[in-house]
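[1] I would like to see how this sequence folds:
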Amino acid sequence: MWFVLGLVSLALMVGYKLYRKLHWAWGWTDDLGVFRHQGQRYKFDHQENKGSHQVKFGVVTDQPVYFRIKRESRWDRLAKRLHLSVEQQFNDPEFDETFYVVSNHPALTLELAKIPALRNVLKALFRDPKLWQLWAEGRHLVAEYRFSRGDVAEGHYEHSETKGNIVSALHELAGFLQTTDHPTPRDPYAWRAIVLVSLASGLLGLGIFELIRVGKLDSLDPLLDSWPLIHQSLAATGLLLFLWLVWAAFWLRGSAHAHIVMTEILLSGGAGLLLGTYFMARDFNCEWDPEPAAIYYADVLAREYQNNSKSPDTYSLTIRHRGIGWLPETIPVRGGVYALAREGGQVELLIKPGRLGHAWLEQVRVIRDY
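    Got it, this is the predicted structure:
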């Protein structure tokens, strides 16, 4: 059940990310924003998490476009030197050396190169050191600010003058974009980047789902020895991540997206694979095991119960095997089995070999007639 649910969850999360990036970004396209500044509508969002703040201003454009502009980092410069990524140049040394434009849209890059006023608006926005990035997905143009508590005055981005300057700049940028005739051609690499990033985000979501499932719903590990499968899962994760990065580098070679997407794959996709591979493999090993269970008997030596405030309570039995040396001395059980078991009593163990060759405990039965 859990294995199939994991696959379905992965498909749904990847599909959601694709839909969001292709057709919907931060609200529906017909929602122009509930806030207004001098008649200009915009969207605003402020989130705080343990002292870290994220503020977003967004406006809607008439035509869909995909790009991202951020401050150029050492990683960006290294990727260009290695010819991993190729960034367009815009006849403006200050702009070219300061910013990295993640786009291969021919009309957008031509417009940036030909219109100094457009570059000047971007320079003015980025004079605020807290502006993390400017991005457009679909018909939404968003300025994203990140800062920590104490970095700026409280309520700085809610102040009418600050909001007015940002919103006016975004609408001016949107005006430049909507005058560009770019329904076709489009960025030839954009959809490839979207597919790869959506897959990475979906895998991260799956990993978080599996972590919550094990931590909050079902902490009972049926494997008699989990370490061999953990080692295999780590090796598989490393191999899959390496092949994925190579594929991304090849598929996006010659674009401005390559190293940006590879970073996303390494961080989000790698974390998702690391969190989800073991649990998915374990579920497949147990739930798809067609072999009949072998029955063994053991004496109950002790019972142990642990009360966990943030995760399910755990129950275990310390047992003495009947001539079966490879069984562990302590086995996890469910609450119902724990309630029936008694020290000095006996239990019946139903053990299956596992679809992947990892023996697991299908069921524990308490023998009540001693």
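[2] Spell out the residue ranges of the helices in the stretch 251-370 of the chain.
    258-264, 270-287, 335-340 (DSSP state H, counting those that start in this stretch).
[3] Which one, of those helices, ends up nearest to P106?
    Closest of these to P106 is helix 258-264, at 17.8 Å (criterion: Cβ to Cβ). (Glycine included, C-beta is placed from N, CA and C.)
[4] Could you list every helix and strand in contact with the closest one?
    Applying 3 or more Cβ pairs under 8 Å, 6 or more residues apart in numbering; DSSP states H and E, one finds that helix 258-264 makes contact with helix 74-81, helix 190-212, helix 227-251.
[5] Off-centre distance for stretch 291-307?
    38 Å (Cα atoms, centre = their mean, to the nearest Å).
[6] Also stretch 66-74?
    For stretch 66-74, the distance to the chain centre is 20 Å (Cα atoms, centre = their mean).
[7] Just the buried positions in that stretch, please.
    By neighbour count on 16 or more other Cβ atoms under 10 Å, the buried set for stretch 66-74 is 66-70, 72.
[8] circling back to that earlier point, quick one, which of the helices and strands packed on helix 258-264 gets closest to A107.
    Here helix 190-212 is closest among these (Cβ to Cβ), at 12.7 Å.
[9] Go ahead and produce PDB holding the CA coordinates of the closest one.
    The C-alpha coordinates for helix 190-212 follow below in PDB (Å, rounded to 0.1, in the frame of the first residue of the first chain):
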ATOM      1  CA  ALA A 190      12.900  26.600 -20.500                       C
ATOM      2  CA  TRP A 191      10.600  23.500 -20.700                       C
ATOM      3  CA  ARG A 192      13.600  21.200 -20.100                       C
ATOM      4  CA  ALA A 193      14.600  23.200 -17.000                       C
ATOM      5  CA  ILE A 194      11.000  23.100 -15.800                       C
ATOM      6  CA  VAL A 195      10.800  19.300 -16.200                       C
ATOM      7  CA  LEU A 196      14.100  18.800 -14.300                       C
ATOM      8  CA  VAL A 197      13.300  21.200 -11.500                       C
ATOM      9  CA  SER A 198       9.700  19.900 -11.100                       C
ATOM     10  CA  LEU A 199      11.100  16.400 -10.800                       C
ATOM     11  CA  ALA A 200      13.600  17.500  -8.100                       C
ATOM     12  CA  SER A 201      10.800  19.400  -6.200                       C
ATOM     13  CA  GLY A 202       8.500  16.300  -6.500                       C
ATOM     14  CA  LEU A 203      11.200  14.000  -5.100                       C
ATOM     15  CA  LEU A 204      11.900  16.400  -2.200                       C
ATOM     16  CA  GLY A 205       8.100  16.400  -1.500                       C
ATOM     17  CA  LEU A 206       8.100  12.600  -1.600                       C
ATOM     18  CA  GLY A 207      11.100  12.500   0.800                       C
ATOM     19  CA  ILE A 208       9.300  14.900   3.300                       C
ATOM     20  CA  PHE A 209       6.200  12.800   3.000                       C
ATOM     21  CA  GLU A 210       8.000   9.600   3.800                       C
ATOM     22  CA  LEU A 211       9.800  11.300   6.700                       C
ATOM     23  CA  ILE A 212       6.500  12.500   8.100                       C
END
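[10] which outside residues touch stretch 75-92?
    Applying Cβ atoms under 8 Å, 6 or more residues apart in numbering, the external contacts of stretch 75-92 come out as 96, 100-101, 103-104, 109, 112-113, 116, 119, 249, 252-260, 262-263.
[11] Show the buried residues in the residues you listed.
    96, 100-101, 103-104, 109, 112-113, 119, 249, 252, 255-260, 262.
[12] pull the longest strand from the protein.
    The strand that spans the most residues within the chain, counting by DSSP state E, is strand 294-306.
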